[in-house]
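S.K.: build me a model from this:
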Amino acid sequence: MSHSQANKSGEDTSSSSGTEEPPVETSPLLLGSMEENFKKLKRAVLARRPVLREILRKHGRKKLYKYVQDYVSVNLNPPIKRRQDEFITAFKNEVAKRLGHEISESAALQLAKHYFVSTADHHGPICHPFFVNSNLLTAAPYFELQDPDLKYVIVLSCSDVSLNNSSFPRGLIFHSSSNDQLKMHRLGFFPASMQPVYNFPPYSKKEILKVKSNLEEKVKSGEVKPEEGAAINKIIDTIYKDPEVLACKNYSYQITKTNFELWKKFFAPNHVAPPDLIYLEMEGLVGRLLIDHHFYQDTILNHMIFDPVYEPMIIKNFEGIFGSFSRQEQSGTYLFWALPEGSKARVQLWRKGDFLVSKDESYKIELKPDIIRQALERKELIPGLLLSYTTICFYYGLKCLRGFNQVNYLTLMKNGYIKMNTDLGNYRSIEVCARAQTKELCDGLTIAFLQDSNGKMTLATGLDLILYGTSQTWTQFVDIAKNITFGEALSPLMPEIYKISYLEEEWDPALVAIKDEDIIKLMKLDTKIPACAHIKTNGA
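M.R.: Residues are numbered from 1 along each chain as shown. Here you go, the predicted model:
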């Protein structure tokens, strides 16, 4: 499961849950039902996000730039440092396969000095506002540190997200102005499906032609201006149609290569540019670490996967945590998802004796190191979120900047991991995990806005920065982060977080009707956060 799917675990329904964060700042002209509905919306979100509520209470009034400056601060202890080399070597090797040895060596040097990454994103084109903003904020502190080894925003992104996820990992997103209205467009390389991005086949020239045809129709209909269509076509030709990209063995590899180049385009006219972007799928890296260092060695991860003695401890401490598994609700999976050849979706697995078995028992695999290794290498098994984060955060001690959903379930997972190891007497594992940081938020905070000629503002996508950005876009982001608070930056995405936090049948129509532009006006953010991109409306 990804962090953008509905979450009912860790729910806190106390009526006072929304009273501790900073109050909403409003304009007298906008007081009334919208203000009350936004307060209600915020309370509803924070009731399902108790750790987010705690973060907002603690940091809500802090300047955003001051908050993100702490991203690069990592306090390692000796046990983590000894494991660090294993992690960095595996990371370096995986990056080298995709981006070459020069970049991989440089990124490894950065990790050795600044042992942190972001895990907030889905593995798809760097277009969705969630992920554009999370990476801009991760990069912001680099601006003044002037550290020659700090060259990259490193993202271990979630690739077991489905292609039909609302974050649109299957294609490109941008806005245009039609009939004085801002309209979002989606250009998909693939049809919507439940299949995960993980090991999905690469797009080919055939898919490129379909995307171009879709774009051409939008230009012919007047939805997209000719110059906008031409600019996007140029991006497709220079980045997505590159022969090296088309030769990649799967879509995940293509995303790493294309995002590295697309990110640079965001700031091409700028005199000062942010660090480069490395997008690497988390699940593939975790699989490599498990095979190389845990399947044949006496480690806690080996025992969690193969030792039957650990099964009741895993059930006791992780059952019911979102991102882990719940047998009662038939949600999540036991350590791995299966992706049998020809499957249209991931297959949920449960431990049954010495086997992992699907619910209908049509899929069954024995829990032996050689067998699981082979299944991982042929991409038939996908490490689940519990196993992935236990590996990179709790075992290797990597500091991970997280999404608004992750800060909740990672905190619960950490508590469960410590309890399990306390019961088992694994004090070294407790020592390493105790310092794991689970409450560093980078996703859900917004500084990138698109504005039309009528003054209307909305969240900017990655392509919007290319189509409508200026030569001051990057430095403007840094200035904005210095001038707004953490709480102000979080507010515009509250409607989207609400939809993700509740099942559709639970939605309150009045709350669903609230748009990000309503909150921007309500909080007067249009006067506090200047747009980084500007689009001309028809006739302007």
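S.K.: and stretch 331-348, which residues are buried?
M.R.: Within stretch 331-348, the residues scored as buried using 16 or more other CB atoms under 10 Å are 331-339, 346-348. Quick note: C-beta positions are derived from backbone N, CA and C, even for glycine.
S.K.: then stretch 525-540?
M.R.: Buried, per 16+ other CB under 10 Å, within stretch 525-540: 525-526, 529, 531-533, 535, 537.
S.K.: quick one: low-confidence parts of the stretch 251-400 of the chain?
M.R.: Judged against pLDDT under 70, the stretch 251-400 of the chain has no low-scoring part.
S.K.: likewise for the chain?
M.R.: 1-32, 75-79, 538-540.
S.K.: so which residue is dead centre in it?
M.R.: Centroid-nearest residue in the chain, with CA atoms, centre = their mean: D121, separated by 1.6 Å.
S.K.: residue contacts, that residue?
M.R.: D121 is in contact with 130-131, 134-135, 155, 157-158, 279, 403, 443, counting by CB atoms under 8 Å, 6 or more residues apart in numbering.
S.K.: tell me how far it lies from D443.
M.R.: 7 Å (CB to CB, to the nearest Å).
S.K.: overlap in contacts, these two.
M.R.: 130-131, 134, 403.
S.K.: quick one on the thing from earlier: could you dump the buried residues of stretch 331-348 to CSV with distance to P269 and secondary structure?
M.R.: Formatted as CSV, the buried residues of stretch 331-348 follow (distance: CB to CB, whole Å; DSSP: H, G, I helix; E, B strand; the rest coil):
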residue, distance to P269, secondary structure
S331, 46, strand
G332, 45, strand
T333, 46, coil
Y334, 50, coil
L335, 47, coil
F336, 46, strand
W337, 43, strand
A338, 47, strand
L339, 42, coil
R346, 42, coil
V347, 47, strand
Q348, 48, coil
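S.K.: what's the farthest-apart pair in those residues?
M.R.: S331 and L339 (17.9 Å; CB to CB).
S.K.: where's I232, which helix or strand?
M.R.: Using DSSP states H and E, I232 sits in helix 226-235.
S.K.: helix or strand next in line after that helix, which one?
M.R.: helix 243-246.
S.K.: just the CA coordinates for the following helix or strand past that following helix, please, in CSV.
M.R.: Sequence-wise, the next helix or strand downstream of helix 243-246 (DSSP H and E) is helix 251-266. Provided in CSV are the C-alpha atoms of helix 251-266 (Å, rounded to 0.1, in the frame of the first residue of the first chain):
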residue,chain,number,x,y,z
TYR,A,251,9.2,1.4,-16.5
SER,A,252,10.9,1.9,-13.1
TYR,A,253,14.3,2.3,-14.8
GLN,A,254,12.7,4.8,-17.2
ILE,A,255,11.3,6.9,-14.4
THR,A,256,14.8,7.2,-12.7
LYS,A,257,16.4,8.3,-16.0
THR,A,258,13.6,10.7,-17.1
ASN,A,259,13.0,12.3,-13.7
PHE,A,260,16.7,13.1,-13.4
GLU,A,261,16.4,15.1,-16.7
LEU,A,262,12.9,16.5,-16.2
TRP,A,263,13.8,18.0,-12.8
LYS,A,264,16.6,20.0,-14.4
LYS,A,265,14.1,21.5,-16.9
PHE,A,266,12.1,23.0,-14.1
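S.K.: what is helix 251-266 packed up against?
M.R.: Helix 251-266 is packed against helix 78-99, helix 243-246, strand 276-281, helix 462-468, with contacts defined by 3 or more CB pairs under 8 Å, 6 or more residues apart in numbering; DSSP states H and E.
S.K.: buried ones in the second one?
M.R.: Judged by neighbour count using 16+ other CB under 10 Å, the buried positions of helix 243-246 are V245.
S.K.: quick one: distance of that helix to the chain centre.
M.R.: 25 Å (CA atoms, centre = their mean, to the nearest Å).
S.K.: ditto for stretch 376-383
M.R.: 21 Å.
S.K.: from memory R346 sits against G332, does it?
M.R.: No - taking contacts as CB atoms under 8 Å, R346 lies outside contact range of G332: 10.8 Å.
S.K.: what is the end-to-end distance of stretch 88-107?
M.R.: End-to-end distance of stretch 88-107: 9 Å, with CA to CA, to the nearest Å as the criterion.
S.K.: so how many other residues sit close to the nearest residue to M420 once chain neighbours are set aside?
M.R.: Using CB to CB, 6 or more residues apart in numbering and skipping residues adjacent in sequence, the residue nearest M420 is N317, 4.4 Å away. N317: 20 surrounding residues under other CB atoms under 10 Å.
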